[in-house]
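J.: pasting the sequence and the predicted model now:
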Amino acid sequence: MNIILMGPPGCGKGTQAQRLQERYGMIQLSTGDMLRAAVAAGTEIGMKAKAIMDRGDLVPDEIVVGIIVDRIEEADVRDKGFILDGFPRTVAQAEKLDEVLDERGIGIDHIIELTVDEAALFARIENRARESGGEVRADDNAETLKKRILVYRDQTAPILPYYEGAGRLEQVDGMASIEDVTQQLEEILEPRSDSARRA
């Protein structure tokens, strides 16, 4: 099973991706980790990325997508499926990813958005900071979160109509408890009606 998790910073995508990985055995793919691994391994595409990063430039979409597809085509991901969390980040990346996956006959089974209320999201982050007793992650403050949400709104949120227009977007309530969000995701991934039909 191959899925993409969408949603703004702080909505819990990373936590849910880890839970899905533990339950279903899918492999959580991080573009940053894959980029570093490709560079370290000295692959052709990794060396192209390294040359670009050494110049201080951003790695173009086609190279990032190429690194993702190289990883997706490895045996462990082919066998177990994958979770993309935090990618694609732009409509151009989404279009390129669709194009390259289609060429290889690789399908995305579910594209799921964790929907949130931004005001409640700020409150959640502030509560997390208070409960941590001063040990706060760098991104766990309202100001940093606000900047990241503005970037998400500007660059990533336009992907949602792109997927929705193709009838591919599913949604869960990201403001629910961690357990409830996990249950909503499981209901999408294991629809009871399918089980009933098989029974």
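T.: All right, it came through fine. Residues are numbered from 1 along each chain as shown.
J.: hmm, Leu189 is touching His110, no?
T.: Yes: between Leu189 and His110 there is a contact under Cβ atoms under 8 Å: 6.7 Å. Where you see a C-beta, it was placed from the backbone N, CA and C, and this is true even at glycine.
J.: my guess is Ile4 contacts Ile112. True?
T.: Yes: Ile4 is in contact with Ile112 according to Cβ under 8 Å; the separation is 7.2 Å.
J.: which residues are common contacts for Leu189 and His110?
T.: 1, 3 (Cβ atoms under 8 Å, 6 or more residues apart in numbering).
J.: so what's Met26 up against?
T.: 1-3, 20, 80-83.
J.: would you turn these into CSV with distance to Lys50 and secondary structure?
T.: As requested, the contacts of Met26 are arranged in CSV below (distance: Cβ to Cβ, whole Å; DSSP: H, G, I helix; E, B strand; the rest coil):
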residue, distance to Lys50, secondary structure
Met1, 32, coil
Asn2, 28, coil
Ile3, 30, strand
Leu20, 31, helix
Lys80, 28, helix
Gly81, 29, coil
Phe82, 24, strand
Ile83, 26, strand
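J.: ok, those residues vs Val59, which is closest?
T.: Of all the contacts of Met26, Phe82 has the smallest distance to Val59: 19.8 Å, by Cβ to Cβ.
J.: isn't the closest one right up against Ala17?
T.: No: contact criterion Cβ under 8 Å: Phe82 and Ala17 do not qualify, at 10.1 Å.
J.: quickly list what's touching both of those two.
T.: Gln28.
J.: of the contacts of Met26, buried ones?
T.: 2-3, 20, 81-83 (16 or more other Cβ atoms under 10 Å).
J.: for the residue positioned nearest the centre of the chain, give the beta-bridge partners.
T.: Nearest to the mean C-alpha position of the chain, counting by Cα atoms, centre = their mean, stands Asp85 at 1.6 Å. The bridge-partner assignment for Asp85, based on DSSP bridges, gives Leu5.
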